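Novice: quick one, fold the following:
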Amino acid sequence: YVGFVAGNEPQVPATWKALDFDSVVHDMSKKERENAIQSGVIHEREVAGIGMVINKDINSKQENKLDIYEDGTSPHGSVTRIKLFLNKTLSLQLRKKFVGSNVNLSDPEDVKNEIETILLRNTASKIDDAIILSFSGVKVKLSGSDYAIEYGFVPNGPVDRLFTTGFMFNVNL
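Specialist: Numbers count the residues shown, from 1 in each chain. Predicted coordinates for the structure are as follows:
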């Protein structure tokens, strides 16, 4: 699991990715797997046609009912990695460009434009995959010699399930 996650982009979920082993000592029941997910325990399961896979890419957050909570946390491992990667990228790139400068050379509008440029570079399109789908609400406020920065984003989160419904029709209709 760690090797798979470390070797991929943050938006690539580990859910249902094949594991390189054939069997386990204890094959968890559906109820055990559901309990494991709700407890934030990464585990494997066997899937027909694929073999042994990571059942769900979750983190250790103990409430795993919603994709994203009001406090900005998520039980999805890929969403958490996206948030951490994006915040670190912004911090490092903004620090390199603006810290040690002065307000005349880096006013709030300059900082806001740089943030939006970085966020745009990390926004996915149908042609290029990336870590976020959109962003909004970029605010930069100068307070003394510090900048307070806020922004919102929609992570390029995982697809966990597909629900298919087929309808059968009488040939004579």
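Novice: measure stretch 67-74 end to end?
Specialist: 6 Å (C-alpha to C-alpha, to the nearest Å).
Novice: mind listing what's buried in it?
Specialist: residue 74 (16 or more other C-beta atoms under 10 Å). C-betas here are computed from N, CA, C, even on glycine.
Novice: name the residues that touch that stretch?
Specialist: Contacts with stretch 67-74, where a contact means C-beta atoms under 8 Å, 6 or more residues apart in numbering, come from 59, 61, 63, 75-76, 79-80, 83, 155, 157.
Novice: chain center to stretch 161-171, what's the gap?
Specialist: 31 Å (C-alpha atoms, centre = their mean, to the nearest Å).
Novice: endpoints of that stretch, how far apart?
Specialist: 31 Å.
Novice: same question for stretch 40-59.
Specialist: Here the two ends of stretch 40-59 are set 6 Å apart, with distance taken as C-alpha to C-alpha.
Novice: residue ranges for the helices of the protein, please.
Specialist: According to DSSP state H, the chain carries its helices in the segments 2-6, 30-38, 77-98, 108-121.
Novice: which among the ones you listed is found nearest to residue 51?
Specialist: helix 2-6 (14.5 Å; C-beta to C-beta).
Novice: show residues contacting the lowest-mean-pLDDT helix or strand in the chain.
Specialist: Across the helices and strands of the chain, mean pLDDT, DSSP states H and E gives its lowest value to helix 2-6, namely a mean of 83. Contacts to helix 2-6, defined as C-beta under 8 Å, 6+ apart, come from residues 14, 17, 54, 57, 77, 81.
Novice: and which of the residues you listed is nearest to residue 108?
Specialist: residue 81 (29.6 Å).
Novice: can you get me a residue count around that closest one?
Specialist: 23 (other C-beta atoms under 10 Å).
Novice: from residue 7, how far out is it?
Specialist: 12 Å (C-beta to C-beta, to the nearest Å).
Novice: returning to what we had before: ok, which of the helices of the chain comes nearest residue 169?
Specialist: helix 30-38 (32.6 Å).
Novice: mind listing what's buried along the closest one?
Specialist: Quick answer for helix 30-38 (16+ other C-beta under 10 Å): 33, 36-37.
Novice: contacts for the longest strand belonging to the chain next, please.
Specialist: Using DSSP state E to define each element, the chain has its longest strand at strand 132-143. With C-beta under 8 Å, 6+ apart as the test, strand 132-143 has contacts from 82, 86, 103, 107-109, 111-112, 115-116, 119-120, 122-124, 147-156.
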